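Q: Give me the fold of what follows.
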Amino acid sequence: MKRHAVLLRAVNVGGTGKLPMADFKALLSGLDFEAPQTLGAAGSAVIGTDAAAATVEAQLEAALKDSFGLATEVFVRDHEALKATLAANPFADMARDRPSALLVLFLKGEPAAPDVEALRARIVGPEAVHPGPRSLYIAYGAGMGTSKLTGQVIERALGLRGTSRNWNTVQKLADLTAP
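A: Prediction:
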């Protein structure tokens, strides 16, 4: 049975999408996923399943809506997908020196090159972006606190919805999904 990372969009961030992680873990257990465990409070978990990622995403989106009234997107990545994300990182120095300032925005699809270029043209600060496998790497050179490069700006430019995790979390999820 493969291990998968489950990433919820906009959960327990800025007072929106409140979902206690104990309740999320109980939901995962109730859906018969193997050995579910949550990571942090922002809607990250690891499960065991042989189901396809798209199937798990749809199942969890429906279950979250039915059980908690929470309408949110779910992003599922297996260990191989997470390894590919780690390997394609163009910001190795930041990953090593300032991993909390490097985000991976997991997307529902591949970012189109013209959309990434249009996004880059809109960046006025020290941030940098680079497309990855169904993801976008975002390096916040001066930190995220004062940046104008928000998730909404990025999603609007790319025409794709996503959910982000910092580099430390992505590494931890890859470790937890390892066979």
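Q: Walking through the protein, point out its helices one by one.
A: With helices called from DSSP state H, the chain shows them at 21-30, 53-68, 79-87, 92-97, 113-122, 151-158, 167-177.
Q: report the angle between the axes of the helix or strand bottoming out on mean pLDDT in the chain and helix 113-122?
A: Between all helices and strands in the chain, the lowest mean by mean pLDDT, DSSP states H and E belongs to helix 151-158, at a mean of 92. Computed with axes from the mean of the first three to the mean of the last three CA atoms, to 10 degrees, the direction of helix 151-158 lies at 130 degrees from that of helix 113-122.
Q: Only the buried residues of helix 151-158, if you could.
A: The neighbour-count criterion (16 or more other CB atoms under 10 Å) identifies 151, 154-155, 157-158 as the buried residues of helix 151-158. (Glycine included, C-beta is placed from N, CA and C.)
Q: what does stretch 158-172 give?
A: Going by neighbour count (16+ other CB under 10 Å), the buried part of stretch 158-172 is 158, 160-167, 169-172.
Q: neighbouring contacts of the least confident helix or strand of the chain?
A: Residues outside helix 151-158 that contact it (CB atoms under 8 Å, 6 or more residues apart in numbering) are 105, 107, 111-112, 115-116, 118-119, 122, 129, 136, 138, 161-162, 164.
Q: Export it to PDB, keeping only CA atoms.
A: What follows is helix 151-158, C-alpha atoms only, in PDB (Å, rounded to 0.1, in the frame of the first residue of the first chain):
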ATOM      1  CA  GLY A 151      -1.800  33.200  -2.900                       C
ATOM      2  CA  GLN A 152      -4.700  35.000  -4.500                       C
ATOM      3  CA  VAL A 153      -2.400  37.000  -6.800                       C
ATOM      4  CA  ILE A 154      -0.600  33.800  -7.900                       C
ATOM      5  CA  GLU A 155      -3.800  31.800  -8.400                       C
ATOM      6  CA  ARG A 156      -5.400  34.600 -10.500                       C
ATOM      7  CA  ALA A 157      -2.300  34.800 -12.700                       C
ATOM      8  CA  LEU A 158      -2.000  31.000 -13.200                       C
END
